[in-house]
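Student: here you go, sequence then predicted model.
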Amino acid sequence: MPGIRHSLNYTLRNLFCCLLILFSAAACEESSEADRSTKNTVDSNNSEKLILVSGVTGRQGGAVARELLSRGYRVRGLSRNPGSERAQQLARLGIEMVKGDFNDIDSLNQATQGVYGVFSVQNFWEHGKQAEIRQGSNLADAAKQAGVSHFVYTSVANADQNTGIPHFDSKYEIEEYIKSIQLPYTVIRPVSFMENWEYARADIENGVIYGPLSPATRHQHITVKDIGRFAAEAFDNPAEWLGVSIDIAGDDHTQLEIAGLFSRVTGKDVSYVQVTWDEFEAQQGEEMTIMEKWFENVGYSVDVEKLRGNYPWLTSLEQYLLENGW
């Protein structure tokens, strides 16, 4: 099937990846529904707080920065290239762009000066496990030295469950390091991004979704916009969020349900085609195969219905598709 190889090369790596990929009973403090309800008005005190956002030109960091701006915070964006077109677009929104590199401790020390809070995200796929751990630890060290009041780190759902997935384990090591140096923290653990479906748009418009998971296997998603809202909620309500680690998801479907959802939204017949594990591994490698097999045998475990009861603004996959031109 000639379409399968194309899809595996250009779609699956991102389709099921959680770069992030975002409630852990052992690590989470219980808060009431009222305590964690979303604020609809800008807190005038927010304008006195400066938040450093790493990964600001990426999906998660960009979503967090925009949400913080909408709530009246001052935002400083960390970028290796603050003169880039993407960085300058953010600067025009009112974000203070500063040059910084996770491997350059001095630049991180300068970037964290005078900030109230930090949003931290690193990229395993660009740097690898040990580099990700080192970079996440470097930013935490800089925040600690600067006396940051609230450090929000974005990890990945189920990172604390000994998954054996390298890019899950690396994030958990960063979580543990943040706690070990006694930073005032919140850990947000998202599942796979709804935005990853954009990489599959061409194939889906041609009526096919390819993947190695069984048709009845469930998989959870969240939109980065909602990750931004959770991060902002943490900064808005430190009394309720400090010391909290929370797994977050906005929706939960089987592979067949996802295909049916795309059919309904696009008005086209979309089918799910399961590829073999051997073919998947040949194209995507060991790391991705380890993760996908974990999805098949274990999978994310967010109680989406309960979470939605506390946060009714969570975006469903269907809502995301309708809002993004599908």
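Tutor: Right, received. Where do you want to start?
Student: just list the residues touching N158, thanks.
Tutor: Residues near N158 by CB atoms under 8 Å, 6 or more residues apart in numbering: 168, 189, 247, 298, 300-301. In short, each C-beta sits where N, CA and C put it, glycine included.
Student: next step: those residues restricted to strands.
Tutor: Members of the contacts of N158 lying in strands (criterion: DSSP state E): 189, 247.
Student: PyMOL command for the buried members of the contacts of N158?
Tutor: To isolate the buried members of the contacts of N158 in PyMOL, using 16 or more other CB atoms under 10 Å:
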select buried, resi 168+189+247+300
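Student: out of the contacts of N158, the closest to A63 would be?
Tutor: Lowest distance from A63 to those (CB to CB) belongs to R189, with 15.5 Å.
Student: wait, that closest one touches A249, no?
Tutor: No. Using CB atoms under 8 Å, R189 is not in contact with A249; the gap is 9.5 Å.
Student: average pLDDT across the top helix by length along the chain?
Tutor: For the chain, the helix with the greatest residue count under DSSP state H is helix 277-297. Mean per-residue pLDDT for helix 277-297: 95.
Student: also stretch 235-244?
Tutor: On average, the pLDDT along stretch 235-244 is 98.
Student: all the strands of the stretch 201-326 of the chain, in order from the start?
Tutor: Here the stretch 201-326 of the chain has its strands, by DSSP state E, counting those that start in this stretch, at 208-211, 218-222, 244-248, 251-254, 271-274.
Student: direction included, what does the second one pair up with?
Tutor: Applying DSSP bridges, strand 218-222 is found paired with strand 192-193 (parallel), strand 251-254 (antiparallel).
Student: can you list phi and psi of the residue nearest to S54 when sequence neighbours are not counted for me?
Tutor: Leaving aside its sequence neighbours, S54 sits nearest to L78 (CB to CB, 6 or more residues apart in numbering; 4.6 Å). With angles defined as degrees, to the nearest 10, L78 sits at phi -90, psi 120.
Student: wait, what's in contact with L78?
Tutor: 52-56, 98, 100, 108, 111.
Student: what of S79?
Tutor: 56-57, 87, 97-100.
Student: to M288, which of the strands paired with strand 218-222 lies closest?
Tutor: For M288, the closest of the strands paired with strand 218-222 is strand 192-193, at 12.5 Å, according to CB to CB.
Student: quick one: mean pLDDT over the closest one.
Tutor: 97.
Student: and for stretch 83-102?
Tutor: 96.
Student: and that stretch, end to end?
Tutor: 17 Å (CA to CA, to the nearest Å).
Student: buried set for that stretch?
Tutor: Quick answer for stretch 83-102 (16+ other CB under 10 Å): 87, 90, 95, 97-98, 100-102.
Student: cool, and stretch 180-190?
Tutor: 183-190.
Student: now flag whichever of the residues you listed is closest to L322.
Tutor: Using CB to CB, these come closest to L322 at P190, 21.0 Å.
Student: state the distance from A87 to V187.
Tutor: 27 Å (CB to CB, to the nearest Å).
Student: what ranges do the strands span in the stretch 1-150 of the chain?
Tutor: Going by DSSP E, counting those that start in this stretch, the stretch 1-150 of the chain shows strands at 50-53, 74-79, 96-99, 117-120, 150-154.
Student: among these, which is nearest Q161?
Tutor: Nearest to Q161, of those and by CB to CB, is strand 150-154 at 17.1 Å.
Student: how far out from the middle of the chain is the closest one?
Tutor: Mean-position distance between strand 150-154 and its chain equals 12 Å (CA atoms, centre = their mean, to the nearest Å).
Student: other residues contacting that strand?
Tutor: So strand 150-154 is contacted by 20, 22, 60, 116-121, 136, 140, 143, 174-175, 178, 183-190, 227, 231, 234-235, 238, 241-242 (CB under 8 Å, 6+ apart).
Student: just the buried residues of those residues.
Tutor: Buried members of these, counted by 16+ other CB under 10 Å: 20, 22, 60, 116-121, 136, 140, 143, 174-175, 178, 183-190, 227, 231, 234-235, 241-242.
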